[in-house]
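Participant: give me a model of this one.
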Amino acid sequence: QVQLVESGGGLVQAGGSLRLSCAASGRTLSIQHMGWFRQTPGREREFVARIYWPSGVTSYADSLKGRFTISRDYAKNTVYLQMNSLKPEDTADYYCKAAMFGTAEYWGQGTQVTVSS
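Facilitator: Model prediction:
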């Protein structure tokens, strides 16, 4: 099993920045990649970004490229999401996911991001 704890959400004005963190513990050596998703009420959870754990290769939702950056500290088993030039439509609950080699996936509890106009 892997446990994920997110932090860093909060309230920010439009144009501002936030950095989310997701700390993994447990069977971290079996993580294939980690990612961020976001969800607003009444909508499906949507992909934001992912990073492959050993290699650091990243991918992003097309609409977020250039504003969001995912990174990881391999030694700390922590993944980050740097969010710049935030817009009110970025307001959502942000979730961290760990995908294991195989089919298992684990989710964090979510952290709320609110961008005021």
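Participant: give the contact list for the residue most central in space within the chain.
Facilitator: The chain has Trp36 as the residue nearest its centroid, 2.7 Å off, counting by Cα atoms, centre = their mean. For Trp36, the contact set (Cβ atoms under 8 Å, 6 or more residues apart in numbering) comprises Leu20, Cys22, Val48, Ala49, Arg50, Ile70, Val79, Leu81, Tyr94, Tyr95, Cys96, Lys97. No exception for glycine: its C-beta is placed from N, CA and C like everyone else's.
Participant: likewise for Arg50?
Facilitator: His33, Met34, Gly35, Trp36, Thr58, Ser59, Ile70.
Participant: for it, what is the enclosing helix or strand?
Facilitator: Here Arg50 sits within strand 46-52, counting by DSSP states H and E.
Participant: and that strand, how far from the chain's centre?
Facilitator: The chain centroid and the centroid of strand 46-52 are separated by 7 Å under Cα atoms, centre = their mean, to the nearest Å.
Participant: ditto for stretch 100-115
Facilitator: In terms of Cα atoms, centre = their mean, the centre of stretch 100-115 is found 7 Å from the chain centre.
Participant: what's that stretch in contact with?
Facilitator: Stretch 100-115 has contacts (Cβ under 8 Å, 6+ apart) with 1-14, 16, 18, 20, 22, 27, 30-32, 38-39, 83, 86-99.
Participant: hang on, the earlier thing: what about the contacts of Trp36, which one has the most neighbours?
Facilitator: In terms of neighbours by other Cβ atoms under 10 Å, the contacts of Trp36 top out with Val79 at 29 neighbours.
Participant: ok, that one touching Thr28?
Facilitator: No - the pair formed by Val79 and Thr28 falls short of the contact definition of Cβ atoms under 8 Å, at 10.9 Å.
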